[in-house]
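**Q** okay, predicted coordinates and the sequence, questions at the end:
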Amino acid sequence: MNRDGLDRDTAVKELQSQWPLTEKAMRADHVIDNSGRIMDSTFQVERLVELLQG
């Protein structure tokens with residue numbers, strides 16, 4: 001709210017209008033899960049870079 005200068009009602013409406021993460025993941029070409037340890041996310045990024053570089 002502070003970052004975007006939004007009031008609470010507007011912020012809630014914007015959050016509610018977003019797709020669920022599962023839907024975003026199903027539509028994405030690639031997904032990096034950054035909910036765990038930083039080294040796990042780093043590993044995923046490195047693997048994706050390798051994949052995309054061919």
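**A** Looks like it arrived, so ask away. Because the structure is predicted, anything quoted here is derived from the model rather than measured.
**Q** in the longest helix anywhere in the chain, what counts as buried?
**A** Longest helix in the chain by number of residues (criterion: DSSP state H): helix 38-53. Neighbour counts over helix 38-53 (16 or more other CB atoms under 10 Å) mark Q44 as buried. Quick note: C-beta positions are derived from backbone N, CA and C, even for glycine.
**Q** ok, now stretch 8-16?
**A** So stretch 8-16, judged by 16+ other CB under 10 Å, has zero buried residues.
**Q** residues in contact with that stretch?
**A** M1, D4, L6 (CB atoms under 8 Å, 6 or more residues apart in numbering).
**Q** related to what we said a few turns ago, tell me the mean pLDDT over the longest helix of the chain?
**A** Average pLDDT, helix 38-53: 98.
**Q** so which of the contacts of stretch 8-16 comes closest to R47?
**A** D4 (33.1 Å; CB to CB).
**Q** sorry, back to before: which elements pack onto the longest helix of the chain?
**A** Judged by 3 or more CB pairs under 8 Å, 6 or more residues apart in numbering; DSSP states H and E, helix 38-53 is in contact with no other helix or strand.
**Q** chain center to that helix: distance?
**A** Remark: helix 38-53 is offset 15 Å from the chain centroid, using CA atoms, centre = their mean, to the nearest Å.
**Q** send me it as CSV with only the CA atoms.
**A** Only the C-alpha atoms of helix 38-53 are listed here, as CSV (Å, rounded to 0.1, in the frame of the first residue of the first chain):
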residue,chain,number,x,y,z
ILE,A,38,18.4,-19.2,-1.4
MET,A,39,20.7,-21.9,-2.6
ASP,A,40,17.7,-23.9,-3.9
SER,A,41,16.5,-20.8,-5.8
THR,A,42,20.0,-20.1,-7.2
PHE,A,43,20.2,-23.7,-8.4
GLN,A,44,16.9,-23.4,-10.2
VAL,A,45,18.0,-20.2,-11.9
GLU,A,46,21.3,-21.7,-12.9
ARG,A,47,19.5,-24.7,-14.4
LEU,A,48,17.1,-22.4,-16.3
VAL,A,49,19.9,-20.4,-17.7
GLU,A,50,21.6,-23.5,-19.0
LEU,A,51,18.3,-24.7,-20.5
LEU,A,52,17.7,-21.4,-22.2
GLN,A,53,21.2,-21.1,-23.5
